[in-house]
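Asks: Sequence plus the predicted model coming up.
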Amino acid sequence: MIYAAITAAQAAGERLRHAFGHELRVTEEFAHDIKIAADKECQDLIYHILLGLFPDTKCIGEEGDSGDLGNPDAEIEWIVDPIDGTMNLAHGIPHFCVSIAAREAATQRILLGVIYDPMRHELFTAERGSGTWLNGILQKVSTRDKLSEAVLAVGFAKSQDSIDHCLKLYQVYGNTARKLRAMGSAALDLAYVATGRLDAYIEQGVNLWDIAAGAILIEEAGGVFESELRAKGKYRVCAHSGRIDYPVK
C-alpha cells in the first residue's frame, strides 16, 4: 500500500509543481483561508489512483469523501490532503505538500504515511514498525534536550479562540525557545519534526487530513505525537522529540 500512496502523492505533487507560479483559480474565500481549483483536481487524481489499485478501500479528504467510488464499509481508509499549504501555493511561496495516510477503519490506527514536497522533491514515508524515511534515508527526531536550543513551529488556526491561544504560545516560547516558525503547512511541520529539523510543532485547530500522515512519521522516528479531538472535528496537537518538556501546549 505504501507504493500506491507514493505514486498518488507524486502524481499530484508534480501537477502542483508545474502549476506553481501560474495564476490559480480561487473557488472559495474565507476570513483566514482560500480554496483553489487544484485542491479538488488533485484530490480526484489521488482518489483515482488509490481506488484503482485498492477498490475495496475508501477515501476521506479535505475536498470530500470518495462515496460510491470506494467501499463504504471498507476496513482500510485513506486520509488525503491534496494540498497542505494552499495559501502558500496561491501566493507563490514554494512551501506546500501532498499528504496521504492509511488507517484501519475499526481501530483508527494509522498504518502508513506519505508526505511529498514537490518543490524540493522530498518524499517522507513511514510504515508501522518500519521507521521513517526521507528519500530512502532513515530519519530520527532531534537529540536536542534544552528548550533554549529548540526551534519550534507554532501554527495559527482559524478560529478566534485558537488565534488567541497561539499568541499566548508565541509570548511564552518567544522568550524561552531559540526560534519560532510559522510556515503554513502542518504536514511539512510534522515531517520536519520527524527528521530533526524542528524540535516541536504545536497547533490548536487542525483537521485529521492535516496530521494523519505526519503522526506516524513522528512516532516511527522516535518522537511523541499528542493530539486531542476538540469541537467541530478539529485537533489540538503537540508533536515533539520527547526530550524537552513543553510547559504550554
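Replies: The structure has been received and is ready for your questions.

Asks: Helices of this structure, residue ranges please.
Replies: Taking DSSP state H as the test, the helices found in the chain are 2-19, 37-53, 86-90, 160-174, 186-194, 208-220.

Asks: how about the shortest one: buried residues?
Replies: It stands for helix 86-90. Neighbour-count burial for helix 86-90, counted by 16 or more other C-beta atoms under 10 Å, picks out 86, 88-90. In this view, the C-beta of every residue, glycine as well, is placed from N, C-alpha and C.

Asks: again, but for the last one
Replies: Neighbour counts using 16+ other C-beta under 10 Å place 208-220 of helix 208-220 among the buried residues.

Asks: quick revisit: in the buried residues of helix 86-90, which has the lowest confidence score?
Replies: The lowest pLDDT within those belongs to residue 90, with 85.

Asks: Nearest spatial neighbour of residue 119, chain-adjacent residues omitted?
Replies: Distance criterion C-beta to C-beta, 6 or more residues apart in numbering; nearest residue to residue 119, sequence neighbours excluded, is residue 94 at 4.1 Å.

Asks: pretty sure that neighbour is touching residue 19, no?
Replies: No - between residue 94 and residue 19 there is no contact under C-beta atoms under 8 Å: 11.9 Å.

Asks: quick one, which of these two is more surrounded?
Replies: Between residue 94 and residue 19, counted using other C-beta atoms under 10 Å, the more crowded position is residue 19 (18 against 14).

Asks: what's near enough to touch the more buried one?
Replies: Residue 19 makes contact with 38, 89, according to C-beta atoms under 8 Å, 6 or more residues apart in numbering.

Asks: where does the residue nearest to residue 119 land on pLDDT?
Replies: 96.

Asks: which residues sit in contact with it?
Replies: 20, 88, 119-120.

Asks: In those, which residue is surrounded by the most others?
Replies: residue 88 (20 neighbours).

Asks: I figured that residue was touching residue 182, is that so?
Replies: No - using C-beta under 8 Å, residue 88 is not in contact with residue 182, being 11.3 Å away.

Asks: quick one: the spatially most central residue of the chain from residue 143, how far?
Replies: The residue lying closest to the centre of the chain (C-alpha atoms, centre = their mean) is residue 187, at 2.2 Å. From residue 187 across to residue 143, the span is 23 Å (C-beta to C-beta, to the nearest Å).

Asks: Just checking, which helix or strand of this structure averages the lowest pLDDT?
Replies: Within the chain, no helix or strand scores below strand 26-29, which has a mean of 55 by mean pLDDT, DSSP states H and E.

Asks: Among the buried residues of helix 86-90, which one lies nearest to residue 173?
Replies: The nearest member of the buried residues of helix 86-90 to residue 173, counting by C-beta to C-beta, is residue 88 at 22.4 Å.

Asks: where's the closest one relative to residue 183, distance?
Replies: Residue 88 is 8 Å from residue 183, by C-beta to C-beta.

Asks: Need the overlap of contacts for the two.
Replies: residue 95.

Asks: Where do the domain boundaries of this structure fall?
Replies: 2-139, 147-240 (automatic domain parsing).

Asks: Could you dump those into CSV with distance to residue 247 added?
Replies: Shown next, in CSV, are the domains of the chain (distance: least, C-beta to C-beta, whole Å):
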stretch, distance to residue 247
domain 2-139, 27
domain 147-240, 7
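
Asks: and the ones you listed, which is most packed in?
Replies: Burial of the domains of the chain is given as mean neighbour count (mean count of other C-beta atoms under 10 Å); domain 147-240 ranks first at a mean of 20.
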